[in-house]
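Asker: All I have is the shape, not the residue letters:
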């Protein structure tokens, strides 16, 4: 048996949602796979007893897993046997799955043997008698101690709603609740109500427990297709969940900061069947669902230390600077690129190079979706971006139209900045006159030496990402700071 990677006791995370259909189980399976890939001992416990089947997410990698479950006891069988006085050792009930190969196993304690008697076995469990007469609470405490002694992380898939079964997952077992919800009041207020109930109930437990922390995770996020409405809901989330974030988020961060990163996007492709995007498509693309799962996994692996989660994400190869893997921050400056249509090829190249260097760009060709109100979207993005790059050429400076309108919006943002800093970056792509308002800003030339100009832009963006960045710092040294 593989030993724990950490000497300290393991952490029990319960994945909970008030409503179903929010992607909770899929998130748990993907997070578990990544934690195992990172060399950690991981146990999944399927306590969603009325809708079991977490093991199905791993069928592609362990084809006989469903057959194994048919003959292997699980949670229902363990509790039933305890009540009958013939205890089953939970270690003999584990299924092993291998999403990233045999070197990185994940242990799964299923809901129970998958046979015709499962439903009647479940319905035969009287939870009130089990707790009051049979001392199930004491038994669960013993198992809980064994889990945290033998595993680095225990991930429990909980029943939805407010139930006796859900209470075990939200009150008795967890160290931390990972709360999944969507953009509707029932889902949001439901998770708030449940953690408040769980905290009050834990005060009455005969066992020692730390203060119950809740990690809010908005799911089915549609920021890429409904930008403005998603933004409005993030404001609602930030206001209603502020107290939950305060319990663990660094004081320098706001709920809005967390919500800009810690959310699970809705990707229709992955809504069919049980999937592990982290294994099938990887985790490098910032717009992918696998990328979001990786950040969540990093946050949980680092004990909710936000900065460590940000710095611990290896996803970029800076080939134009040094041909070796490097790390870069996830809080890198977000860049808007303004250009005339005649300069689209250069805008596209610059966007690709900045993205490949770890700086997410907003570029209309790739980010505007059919049917969107492009004027409103562009106005909103300019207001919220960290940096505005305008491409200047002998063609663009003599034109009147969209580029000038975008410039005006950028000027307004710059004028409202409380402190002088880098925001608007003029970038010349050939010899041309610089508009009067831009003459006061130091410009970058992408000609005749494109790589030299690109490095200048990267240095400016790095200074935005890290206020302590010194302009004499070699680029690779900056990238290595976050490793």
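Answerer: Structure received. All figures in this text were calculated on a predicted structure; none of them were measured in a lab.

Asker: The stretch 1-150 of the chain: helices as residue ranges?
Answerer: Shown for the stretch 1-150 of the chain, the helices assigned by DSSP state H, counting those that start in this stretch span residues 24-37, 65-71, 75-84, 118-123, 127-132, 136-150.

Asker: Enumerate the residue intervals of the stretch 1-150 of the chain where per-residue confidence is below the cut-off.
Answerer: Within the stretch 1-150 of the chain, the stretches with pLDDT under 70 are 1-7.

Asker: now, of the helices of the stretch 1-150 of the chain, which is deepest in the fold?
Answerer: Among these, the stretch with the highest mean neighbour count (mean count of other Cβ atoms under 10 Å) is helix 24-37, at a mean of 25. Where C-beta positions appear, they are placed from N, C-alpha and C, glycine not excepted.

Asker: ok so, going back, distance to residue 258 added to the helices of the stretch 1-150 of the chain, as CSV?
Answerer: Below are the helices of the stretch 1-150 of the chain laid out as CSV (distance: least, Cβ to Cβ, whole Å):
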stretch, distance to residue 258
helix 24-37, 16
helix 65-71, 35
helix 75-84, 32
helix 118-123, 37
helix 127-132, 35
helix 136-150, 26
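
Asker: right, and those - which one's nearest residue 292?
Answerer: Of all those, helix 24-37 sits nearest to residue 292, with 8.6 Å by Cβ to Cβ.

Asker: what packs against the stretch of helix or strand residue 154 belongs to?
Answerer: Taking DSSP states H and E as the criterion, residue 154 maps to strand 153-157. Applying 3 or more Cβ pairs under 8 Å, 6 or more residues apart in numbering; DSSP states H and E, one finds that strand 153-157 contacts strand 11-17, helix 24-37, strand 42-46.

Asker: just the strands in the stretch 201-350 of the chain please.
Answerer: For the stretch 201-350 of the chain, applying DSSP state E, counting those that start in this stretch gives strands covering 213-218, 316-317, 325-326, 335-338.

Asker: Revised request: answer the last question for the stretch 351-483 of the chain.
Answerer: Ranges of strands within the stretch 351-483 of the chain are 361-362, 387-392, 424-428, 444-445, based on DSSP E, counting those that start in this stretch.

Asker: Just the angle for the third one relative to strand 387-392, thanks.
Answerer: An angle of 30 degrees separates the directions of strand 424-428 and strand 387-392 when computed by axes from the mean of the first three to the mean of the last three Cα atoms, to 10 degrees.

Asker: and strand 424-428, how far from the chain's centre?
Answerer: Its chain's C-alpha centre and that of strand 424-428 lie 33 Å apart, by Cα atoms, centre = their mean, to the nearest Å.

Asker: Can you tell me what sits against it?
Answerer: The contact list for strand 424-428 (Cβ atoms under 8 Å, 6 or more residues apart in numbering) reads 350, 387-393, 410-411, 414, 434, 438, 441, 443-447, 453, 457, 460.

Asker: What subset of the residues you listed is buried?
Answerer: When the contacts of strand 424-428 are checked for burial by 16 or more other Cβ atoms under 10 Å, the buried set is 350, 387-393, 410, 438, 444-446, 453, 457, 460.

Asker: Break this protein down into its domains, please.
Answerer: For the chain, the structural domains run 11-313, 325-480, going by automatic domain parsing.

Asker: Highest mean neighbour count out of the ones you listed?
Answerer: domain 11-313 (a mean of 18).

Asker: thinking again about what came up before, dump the strands of the stretch 201-350 of the chain to CSV, plus mean pLDDT and distance to residue 197.
Answerer: Below are the strands of the stretch 201-350 of the chain laid out as CSV (pLDDT from 0 to 100; distance: least, Cβ to Cβ, whole Å):
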stretch, mean pLDDT, distance to residue 197
strand 213-218, 95, 12
strand 316-317, 26, 43
strand 325-326, 33, 46
strand 335-338, 91, 44
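
Asker: Columns distance to residue 181 on top of the ones you listed, output as JSON lines?
Answerer: Shown next, in JSON lines, are these (distance: least, Cβ to Cβ, whole Å):
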{"stretch": "strand 213-218", "distance to residue 181": "6"}
{"stretch": "strand 316-317", "distance to residue 181": "31"}
{"stretch": "strand 325-326", "distance to residue 181": "36"}
{"stretch": "strand 335-338", "distance to residue 181": "30"}
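
Asker: pretty sure residue 361 is touching residue 348, no?
Answerer: No - between residue 361 and residue 348 there is no contact under Cβ atoms under 8 Å: 10.2 Å.

Asker: Residue 460 and residue 217, how far apart?
Answerer: Distance from residue 460 to residue 217, counting by Cβ to Cβ, to the nearest Å: 33 Å.

Asker: re the thing from before, present the strands of the stretch 351-483 of the chain as TSV; the columns should include mean pLDDT.
Answerer: Formatted as TSV, those follow (pLDDT from 0 to 100):
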stretch	mean pLDDT
strand 361-362	86
strand 387-392	92
strand 424-428	93
strand 444-445	93
